[in-house]
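*Asks:* with the input below, show me the fold.
(2 chains)
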Amino acid sequence: MAVAAAERVLTGQHFMNGDTACAEGALAAGCSFFAGYPITPSTEIAERLARRLPEIGGCYVQMEDELGSMAAVLGASWAGAKAMSATSGPGFTLMMENIGLGVMTETPCVVVDVMRGGPSTGLPTLVSQADVMQAKWGSHGDFEPIAYSPASPQEMFDLTIKAFNAAERYRTPVFVMGDEVVGHMTERVTIPPAGEIQTVDRKRPSAPPNDGWLPYAAGKDLVPAMAHAGEGYNIHVTGLTHDERGYPTNDAQVHDRLVRRLSRKVQANSQRICEFEKLYTDDAETVVIAYGATARAARQAVLAARERGIRAGLFRLITLWPFPRGEIKELTNTARRFVVAEMNLGQMAREVERYTRRPISWVTHAGGAMFAPEPVLRAIMEARP
Amino acid sequence: MTSEIVVSSHPLDGLLRADRLPHIWCPGCGLGSTMACLANAIADSAIPTKEHVVVSGIGCTGRVAGYLKVDSFHTTHGRAIPFATGMKLANPELQVTVFSGDGDLFAIGGNHFIHAARRNIDLNVICVNNFNYGMTGGQAGPTTPTGARSTTTPLGNAEPAFNLPHLASSLGAVFVARWTSLHVRQLEKAMRQAMDKQGFTFIEVLSPCPVGFGKSNDIGEGLDEMWMYRNNCVIDPGIDLSRAGIDMKHDSTIALGNFVDIERPAFRPVGGER
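*Replies:* Numbering: from 1, shown residues only, chains lettered A, B, ... in the order given. Take a look at the predicted model:
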């Protein structure tokens, strides 16, 4: 699938919505396969890629449901493609099954969840951020997910590239937790020249096929090299607990070693993976923690508080998972109060509580409408020491 | 005169992960001979071994992927077909065979089967039908005959069973066959034919499960069920497939054969004409 980079990367200034920017980010990252199922408010990603992927020699397939979509994404990844799907809450729930398979078999891929109001069908066309804990705990068993939280169409582009890079580097499914507001918002998106976009490819076997090769033996970086189907390595890939040969086992020690490595390969790199933005936090007595669309309202509230002479700051989570707990802890050196603003009933607020042990004001809303800055500003004023 | 027989190799060693043997299947199970048919079909196919991929779901049959020395994928329950779909689309050079059981492919995975057949994606789907969920201890499934006893139908199965060749044919599969684990020559040949076809092919393989099905349904051990196949099977490739259902009763016939062999454009993601 050798394709002119110029077609793959639409270098230039664009006025596009977040979902479209996400699709373009995927292409810029090297994505050549999309399997999905239509669901509001993520459908524009599928629509864009249904047109764009064939143009560059990639493959778009619409599956019968999200169970099949996620399975197809994994299959494509093992055939050598950078692969993705995009969905919203109800579909994300169905994907949890094969996201677990992706974690266990160490299959690089990206899943975008453009969040809408839940539980269940909830508010199909309206925003929420109520899937962030599903990204953490949604699939059964122990694992450490990687999840990004874009706050603008530009970040839908940028963070989708980073999601692919993290997926390839750590060999695991990676989430882009967008939301309906950011997905449907239209803003300026700058797409750099292809040569300036940093992309990562999965580590590949260093030797030709031989009988002694251990497909699940990891070195110091804890990430094994990945052979693809059809290359002659005779790999066996299973969702069962497996040893370094990839063979199933019931051995409790092998299981513990495997599951710990799957978590540690992310934990050990959390400093490298974690991203956040700080605004006026150096001297802030009250720090607002927010992410995604909500961070836009939180920023306005912090600026308004500063105008009133209140020492407020913003800590914007760019990665939700791994959670930047070290940096959050550090904030407690200056901050005496925290405000957590999010469009759910306090999912990340509890996480902030775990690491700050300071009074926290929860500014929450179950979703359905974008946050205004005012409730955040009120919380800052009320939280004043 | 005595002579010592030393078996140091097996003709299929090159295609089996010998370091994983012995396998987990029960005495009397038909999976071993069915797997050997697949290994022989791979060996005899004109397609290089390294291009062959076997994808399984979950269950006794799902373990086949783990014993074959080709690129093999043991996926989630019911999802072998969509996994294989993604793999085939991302690399059309691969010869992808889905090898799984009746419960996996037709209960939890039934929706994927009908859509993959409708698309006519170029996959070979082989279903080993033993009329029950064996791995979990003999529960009823979508191919359990009406009236049959299982651990979850102790009073007899109240549901009708799928007629799999009829289903596959109605969905447009380009090759549809049914054989049993007794009919290894015909089965192996059908597998090779399926590999040569462009598009969605389906082979049902009847297989004894004495532990989960045979003993509780007046059939007996694996060998007894093999005798039943021997006595009751009728090779009838021209049969009206709507009449090809199976009830596994001692006085009923079982239709076998290569029932469907047609041409239909295989699915390509782009380039449909209208």
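*Asks:* now do A:L331 against chain B, distance only.
*Replies:* Applying C-beta to the nearest C-beta, to the nearest Å, the value for A:L331 to chain B is 41 Å. Just so you know, the C-beta spots here come from the backbone N, C-alpha and C atoms, and that holds for glycine as well.
*Asks:* same check, this time on A:L74
*Replies:* For A:L74 relative to chain B (C-beta to the nearest C-beta), the value is 6 Å.
*Asks:* A strand includes that residue, no?
*Replies:* No. Counting by DSSP: H, G, I helix; E, B strand; the rest coil, one finds A:L74 to be helix, located in no strand.
*Asks:* what parts of the stretch 51-200 of chain B come near chain A?
*Replies:* B:51, B:53, B:55, B:65-66, B:69-76, B:78-79, B:81-91, B:93-94, B:111-112, B:115 (C-beta under 8 Å from any C-beta of the partner chain).
*Asks:* what about these, which are in strands?
*Replies:* Using DSSP state E, the members of these that fall within strands are B:V53, B:V55, B:D71, B:S72, B:F73, B:H74.
*Asks:* most neighbours, which of the residues you listed?
*Replies:* Scoring these on neighbours with other C-beta atoms under 10 Å in any protein chain shown, the highest-scoring entry is B:V55 at 32 neighbours.
*Asks:* wait, that residue sits on B:F83?
*Replies:* Yes. Using C-beta atoms under 8 Å, B:V55 is in contact with B:F83, at 5.6 Å.
*Asks:* name the residues contacting each of the two.
*Replies:* Shared contacts of B:V55 and B:F83 (C-beta atoms under 8 Å, 6 or more residues apart in numbering or on different chains): A:G75, B:F73, B:T75.
*Asks:* circling back to that earlier point, can you lay out the ones in strands among the residues of the stretch 51-200 of chain B next to chain A as JSON lines showing pLDDT?
*Replies:* As requested, these are exported to JSON lines (pLDDT from 0 to 100):
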{"residue": "B:V53", "pLDDT": "98"}
{"residue": "B:V55", "pLDDT": "98"}
{"residue": "B:D71", "pLDDT": "98"}
{"residue": "B:S72", "pLDDT": "98"}
{"residue": "B:F73", "pLDDT": "98"}
{"residue": "B:H74", "pLDDT": "98"}
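*Asks:* just give me the closest of the residues you listed to B:V6.
*Replies:* Minimum distance to B:V6 across those is 29.7 Å, recorded for B:S72 (C-beta to C-beta).
*Asks:* the closest one against B:R63, yeah?
*Replies:* No. Counting by C-beta under 8 Å, B:S72 sits too far from B:R63 to count as a contact (10.3 Å).
*Asks:* which residues do the two both contact?
*Replies:* B:S56.
*Asks:* cross the residues of the stretch 51-200 of chain B next to chain A against helices and list the overlap.
*Replies:* B:65-66, B:81-90, B:111-112, B:115 (DSSP state H).
*Asks:* so who does the residue nearest to B:N130 when sequence neighbours are not counted touch?
*Replies:* Closest residue to B:N130 apart from its sequence neighbours, by C-beta to C-beta, 6 or more residues apart in numbering or on different chains: B:C209 at 3.7 Å. B:C209 makes contact with B:C26, B:C29, B:G30, B:C60, B:N130, B:F131, B:N132, B:G134, B:G138 under the criterion C-beta under 8 Å, 6+ apart.
*Asks:* at 6 Å instead, please
*Replies:* Listed by C-beta atoms under 6 Å, 6 or more residues apart in numbering or on different chains, the contact set of B:C209 reads B:N130, B:N132, B:G134.
*Asks:* which pLDDT does the model give it?
*Replies:* Model confidence at B:C209, given as pLDDT, is 98.
*Asks:* in the stretch 101-250 of chain B, what residue comes closest to chain A?
*Replies:* B:H115 (4.1 Å; C-beta to the nearest C-beta).
*Asks:* my guess is that residue meets A:E64, correct?
*Replies:* Yes. With contact defined as C-beta atoms under 6 Å, B:H115 counts as touching A:E64 (4.1 Å).
*Asks:* relative to B:I108, how far out is the residue of the stretch 101-250 of chain B closest to chain A?
*Replies:* According to C-beta to C-beta, to the nearest Å, B:H115 and B:I108 sit 14 Å apart.
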